[in-house]
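A.B. asks: Turn this into a structure:
(chains A and B)
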Amino acid sequence: MAQAAIPQTAPAGTPHAGGPPPGAPSIPDFEIVPRKGLPFVAVAIVVLVVGIALNELWGLLFLHVAAGAAWTIIDLFMGFVIGPILGKMSIPARIELTTRLMPKMVLIMPTVVGITLAAGWQVATKLETNLTSNPAHGWIVASYFIVAIMAVVALGLLEPANIAVLSELKKKQPNPANIEKLMKRFIYTSGITGLMQIATLIVMTKIASFP
Amino acid sequence: MSGERKLPPVTAMGMVALALVALAVIYLSAHLPEAVSVGPALALLGAAALVMLTAFVLLHKVEGFAWQRFYFIAARALLAYIVITGLILYVFLRNETSGAALWTLIAGLALFALDVPLLIGFTVARYAE
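C.D. replies: Predicted structure coming up:
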């Protein structure tokens, strides 16, 4: 995601008696963690737990491929399509998109990542590709490193920034400078995330092509 | 509270700790389910714990830091990451990981579950008013 969500609308230090500054774009009411989405997350977790307990290859592959595809596509789409579009939108539209989209991402991303990794490990165990003697083992280990790089960037920079931007937008007088600073993290890291997702596609198709 | 205020490099330290935990888990995962010596993983996790502890101690020395906000956010993030680490642990238990490898894995997951809330809590609290 790119660009700051809201502009500097008034000179620093201008008193506004607790409310938003005059002329400031209105910020829709939103929940940082949308409670309505939690049952869907719970269902996804239950499906994953049942899938792993049953240990049927089709079910595990479905969970791994579906969640993994969602993870890759969302990352690439957000970084290279939505991000640049967001940067060109009007300020009120940018705020509205941020406050509607980003809380959903707080729930969606950890869920798809958790399902991809847990189901993926179970698939590797079932197919024995995680054994050091398996010819695909090197590619499997390569995928661990790719996931680790993405995890450090996503969990160390992006998720904290996402929560902090939403927390800032919850304030009566959000500070545009803080939001801009936090949003820069999305611009700086979208290249790394995109590169790692392309590497994921290469590694996963390589693993799938082993006889 | 301004973002310009001098704060310890908690984000950088948290990311280093996260990378060390990831390396330890990769090392274990690259060998499991076969027998694995946990020494290198324990060394990496020890280093990660040290970095996290140092970050937390340095942060505690900052006067006027928004601790209430920090704990409010970190506690909720911790809850979420307990669920996520629980899922990862479940899949290893399902495949009968046991002994020293299991305990090392649990230590790694525990550090992971603490580190991410530290990062989220810090990032939010540094801009709190």
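
A.B. asks: need the residues of chain A near chain B, please.
C.D. replies: By Cβ under 8 Å from any Cβ of the partner chain, the residues of chain A that approach chain B are A:33, A:45, A:48-49, A:52-53, A:55, A:110, A:114, A:117-118, A:121-122, A:125, A:130-132, A:137, A:141, A:144-145, A:148, A:151-152, A:155-157, A:159-161, A:163-164, A:167-168, A:171, A:175, A:177-178, A:181-182. C-betas here are computed from N, CA, C, even on glycine.

A.B. asks: max-length helix in chain A?
C.D. replies: helix A:91-127 (DSSP state H).

A.B. asks: Check which helices and strands it is in contact with.
C.D. replies: Judged by 3 or more Cβ pairs under 8 Å, 6 or more residues apart in numbering or on different chains; DSSP states H and E, the packing partners of helix A:91-127 are helix A:38-54, helix A:57-77, helix A:83-88, helix A:137-153, helix A:159-170, helix B:67-94.

A.B. asks: Show me which of the residues of chain A next to chain B are buried.
C.D. replies: A:33, A:45, A:48-49, A:52, A:110, A:114, A:117-118, A:121-122, A:125, A:130-131, A:137, A:141, A:144-145, A:148, A:151-152, A:155-157, A:159-161, A:163-164, A:167-168, A:175, A:177-178, A:181-182 (16 or more other Cβ atoms under 10 Å in any protein chain shown).

A.B. asks: Low-confidence ranges, chain B, go.
C.D. replies: Applying pLDDT under 70 to chain B flags the ranges B:1-5, B:129.

A.B. asks: Centre-most residue in it?
C.D. replies: Central residue of chain B (Cα atoms, centre = their mean): B:D115, 2.6 Å from the mean position.

A.B. asks: Show me where chain B has its helices.
C.D. replies: Using DSSP H, helices in chain B cover B:10-31, B:39-60, B:67-94, B:99-125.

A.B. asks: in what helix or strand does A:P28 lie?
C.D. replies: Secondary structure from DSSP states H and E places A:P28 outside every helix and strand.

A.B. asks: re earlier: mean pLDDT lowest where, among the helices and strands packed on helix A:91-127?
C.D. replies: Lowest mean pLDDT within the helices and strands packed on helix A:91-127: helix A:83-88, at a mean of 82.

A.B. asks: hmm, back to that, indicate which one of the helices and strands packed on helix A:91-127 is closest to A:I202.
C.D. replies: Among those, the nearest to A:I202 by Cβ to Cβ is helix A:137-153 (9.2 Å).

A.B. asks: Contact partners for A:L158?
C.D. replies: Going by Cβ atoms under 8 Å, 6 or more residues apart in numbering or on different chains, A:L158 touches A:185-186, A:189, A:193.

A.B. asks: Just give me the least confident of the residues you listed.
C.D. replies: Taking these together, the minimum pLDDT is found at A:F186 (80).

A.B. asks: Just the element for that one, please.
C.D. replies: Using DSSP H and E, A:F186 maps to helix A:176-208.

A.B. asks: to the chain's geometric centre, what's the distance from that helix?
C.D. replies: 9 Å (Cα atoms, centre = their mean, to the nearest Å).

A.B. asks: For it, buried residues please.
C.D. replies: Buried residues in helix A:176-208 (16+ other Cβ under 10 Å): A:176-183, A:185-186, A:189-190, A:192-194, A:196-197, A:199-200, A:203-204, A:207.

A.B. asks: re the thing from before, the longest helix of chain A to helix A:137-153, inter-axis angle?
C.D. replies: Compare the direction of helix A:91-127 with that of helix A:137-153 by axes from the mean of the first three to the mean of the last three Cα atoms, to 10 degrees and you get 150 degrees.

A.B. asks: got the angle for helix A:91-127 vs helix B:10-31?
C.D. replies: Interaxial angle, helix A:91-127 versus helix B:10-31 (the same axes, to 10 degrees): 20 degrees.

A.B. asks: Using neighbour counts, pick out the buried residues of helix A:91-127.
C.D. replies: A:91, A:94-99, A:102-103, A:105-125, A:127.

A.B. asks: Tell me which residues touch residue 123, please.
C.D. replies: By default, I'm working from chain A. Per Cβ under 8 Å, 6+ apart, neighbours of A:V123: A:57, A:60-61, A:64, A:129.

A.B. asks: ah, I was thinking of chain B
C.D. replies: A:160-161, A:163-164, A:182, B:11.

A.B. asks: A:Y144 now?
C.D. replies: A:Y144 makes contact with B:25-26, B:29-30, according to Cβ under 8 Å, 6+ apart.

A.B. asks: what subset of those is also close to chain A?
C.D. replies: B:25-26, B:29-30.

A.B. asks: Most neighbours among those residues, which one?
C.D. replies: B:V25 (24 neighbours; other Cβ atoms under 10 Å in any protein chain shown).

A.B. asks: So that one sits against B:A107, correct?
C.D. replies: No. Using Cβ atoms under 8 Å, B:V25 makes no contact with B:A107, being 10.2 Å away.
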